[in-house]
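A.B. asks: only the shape, not the letters, is given here:
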């Protein structure tokens, strides 16, 4: 684990953006830069952090954690589904097949939780009949485990809009995904989630819920984007769970929620200028990302050397001729 001093020293070098001349065209997401070249996607995971649909700053080494952890997870579930990964030539970079992304994000939930207006817990507490088309048992309390994991699909959010709530039936009825393919997607998503729960349990964590994105590569289903990272999944520290329930508070989070809760505590909820993150807090967040990687994989986190932009460029030039 990197020390607080090591992380603070790395703050000025956090990877905010990578401009690669000759590698294009370039797209920019909230936390990554993407280049399209020769039918492949160059995914560069930066250290930018987002919450409330906004980029709020940067956490050093975050991009490397997300990229390397996703690569590790793709290996762990390769017997369940193919992925878009071709190679990972740098701690921040994945070279991926171009995929026809499905227009539905697949959210799998093992616990009933959440605070937003569209969260499963909020809808259940409000008495919404069959939220997301699900038949849930009566008497559930917030943060209870569900009898079995459930899928709550959404459309992909665009332009800062919130995801649209869907039922599985609506996914098919609206022609978003063909019936047979949607059946395959659901079965695969639940199997990946069960694998994730097993790994998290061995690491002393609880995989609460997660988001999967799927696509088609040459007509075959593939897992794309990132998977089971602190940005795409909610993790609780297992040993904190029972005590938190008894005290009627949230279990300790091991994901991006730790960052979001800090901003809320400062009175910020997405409007106006966000408060600057102190160096000591940035280090805490970085250490949680790194600890998530080390606990889940059982491997020591080994950051790539700086400067990142030039390192990435050289790595991509080395693999430019690979098929």
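C.D. replies: All right, it came through fine. Source: prediction; values computed, not measured. Numbering: from 1, shown residues only.

A.B. asks: ok, which stretches of the stretch 51-200 of the chain are strands?
C.D. replies: In the stretch 51-200 of the chain, the strands defined using DSSP state E, counting those that start in this stretch lie at 54-58, 82-83, 85-90, 93-97, 100-112, 144-151, 154-155.

A.B. asks: which non-adjacent residue is nearest residue 10?
C.D. replies: Nearest non-adjacent residue to residue 10, counting by CB to CB, 6 or more residues apart in numbering: residue 60, 4.0 Å away. For glycine as for every other residue, the C-beta is placed from the backbone atoms N, C-alpha and C.

A.B. asks: ok, now residue 164?
C.D. replies: Going by CB to CB, 6+ apart, residue 164 has residue 155 as its nearest residue, at 4.2 Å.

A.B. asks: distance of the most centrally placed residue in the chain relative to residue 209?
C.D. replies: Geometric centre of the chain, nearest residue: residue 232, 1.6 Å, by CA atoms, centre = their mean. Distance, residue 232 to residue 209, using CB to CB, to the nearest Å: 10 Å.

A.B. asks: over to residue 123?
C.D. replies: Counting by CB to CB - residue 123 and residue 209 are separated by 14 Å.

A.B. asks: do the same with residue 292
C.D. replies: Taken as CB to CB, the span from residue 292 to residue 209 is 15 Å.

A.B. asks: tell me how many other residues surround the residue lying closest to residue 125 once chain neighbours are set aside.
C.D. replies: In this structure, residue 125 finds its nearest non-sequential neighbour in residue 142, 7.5 Å apart by CB to CB, 6+ apart. Neighbour count for residue 142, taken as other CB atoms under 10 Å: 17.

A.B. asks: same thing with residue 17?
C.D. replies: 13.

A.B. asks: what of residue 307?
C.D. replies: Neighbours around residue 307, by other CB under 10 Å: 10.

A.B. asks: which residue is the nearest non-sequential neighbour of it?
C.D. replies: residue 13 is the one closest to residue 307 (CB to CB, 6+ apart), at 7.0 Å.

A.B. asks: in this structure that neighbour contacts residue 306, no?
C.D. replies: Yes: Residue 13 lies in contact with residue 306 (CB atoms under 8 Å); the separation is 4.9 Å.

A.B. asks: doesn't residue 311 fall inside a strand?
C.D. replies: No: the assignment for residue 311, made by DSSP: H, G, I helix; E, B strand; the rest coil, is helix rather than a strand.

A.B. asks: is it true that it touches residue 304?
C.D. replies: Yes: shown here, residue 311 and residue 304 form a contact pair, counting by CB under 8 Å, at 6.0 Å.

A.B. asks: okay if I get the strands of the stretch 51-200 of the chain as TSV plus mean neighbour count?
C.D. replies: Supplementary listing: those in TSV, determined by neighbours: other CB atoms under 10 Å:
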stretch	mean neighbour count
strand 54-58	18
strand 82-83	20
strand 85-90	18
strand 93-97	23
strand 100-112	20
strand 144-151	16
strand 154-155	18
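
A.B. asks: export the ones you listed to JSON lines and tack on mean pLDDT and distance to residue 76?
C.D. replies: JSON lines is the format used below for these (pLDDT from 0 to 100; distance: least, CB to CB, whole Å):
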{"stretch": "strand 54-58", "mean pLDDT": "93", "distance to residue 76": "28"}
{"stretch": "strand 82-83", "mean pLDDT": "98", "distance to residue 76": "11"}
{"stretch": "strand 85-90", "mean pLDDT": "96", "distance to residue 76": "12"}
{"stretch": "strand 93-97", "mean pLDDT": "97", "distance to residue 76": "16"}
{"stretch": "strand 100-112", "mean pLDDT": "96", "distance to residue 76": "16"}
{"stretch": "strand 144-151", "mean pLDDT": "97", "distance to residue 76": "17"}
{"stretch": "strand 154-155", "mean pLDDT": "90", "distance to residue 76": "25"}
